[in-house]
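>>> predicted coordinates and the sequence they were generated for:
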Amino acid sequence: MLVKTQNSLQPAEQKAHSVVVEDDLGNPIFVAIQVDEAIVYSTPGEKDFHSLLRALGIDKTVVVSDFKPKPMQKIVWTP
């Protein structure tokens, strides 16, 4: 697979057989593995996410919780 990234408006491309994307705290939020011509991918909360991480030798557990914030009654703005 070809991975395309951009940092400070500088594009880069690199061939890879696996990709793990982490958030700023080091938590995996996406994993993809190329097997022959197919690409298997997963995100936290999907049943195969942790097994794909383990297949790459990554021993991290990501916990997903449903967070439903309550709407605010009113918005207060002060200059």
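Good, I have the coordinates.
>>> name the residues of stretch 28-36 that are buried.
28, 31-33 (16 or more other Cβ atoms under 10 Å). Heads up, the C-betas are built off the backbone N, CA and C, glycines and all.
>>> quick one: that stretch to chain centroid distance?
In this view, stretch 28-36 has its centroid 10 Å away from the chain centroid, taken as Cα atoms, centre = their mean, to the nearest Å.
>>> pLDDT of that stretch, averaged?
Here stretch 28-36 scores 95 as its mean pLDDT.
>>> residues in contact with it?
Taking Cβ atoms under 8 Å, 6 or more residues apart in numbering as the criterion, the residues outside stretch 28-36 that touch it are 1, 16-23, 39-44, 49, 52-53, 55-56, 58, 60, 62.
>>> kindly recompute the last result at 7 Å.
1, 17-23, 39-44, 49, 52-53, 55, 58, 60, 62 (Cβ atoms under 7 Å, 6 or more residues apart in numbering).
>>> try stretch 59-70
Contacts to stretch 59-70, defined as Cβ under 7 Å, 6+ apart, come from residues 27-28, 44-45, 49-50, 53.
>>> pLDDT score assigned to residue 73?
Per-residue confidence (pLDDT) for residue 73: 78.
>>> and it, what helix or strand is that in?
Assessed by DSSP states H and E, residue 73 sits outside every helix and strand.
>>> quick one: the helices in the protein?
Using DSSP state H, the helices of the chain run over residues 49-55.
>>> kindly reformat the contacts of stretch 59-70 as CSV containing distance to residue 70.
Putting those into CSV (distance: Cβ to Cβ, whole Å) gives the following:
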residue, distance to residue 70
27, 25
28, 29
44, 24
45, 22
49, 29
50, 31
53, 33
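>>> would you agree residue 14 is in contact with residue 3?
Yes: Residue 14 lies in contact with residue 3 (Cβ atoms under 7 Å); the separation is 5.2 Å.
>>> between the two, who's got more neighbours?
Per other Cβ atoms under 10 Å, whichever of residue 14 and residue 3 has more neighbours is residue 3, with 13 against 10.
>>> now do the same contact list for the more buried one.
Residue 3 makes contacts with 13-14, 16, 19, as judged by Cβ under 7 Å, 6+ apart.
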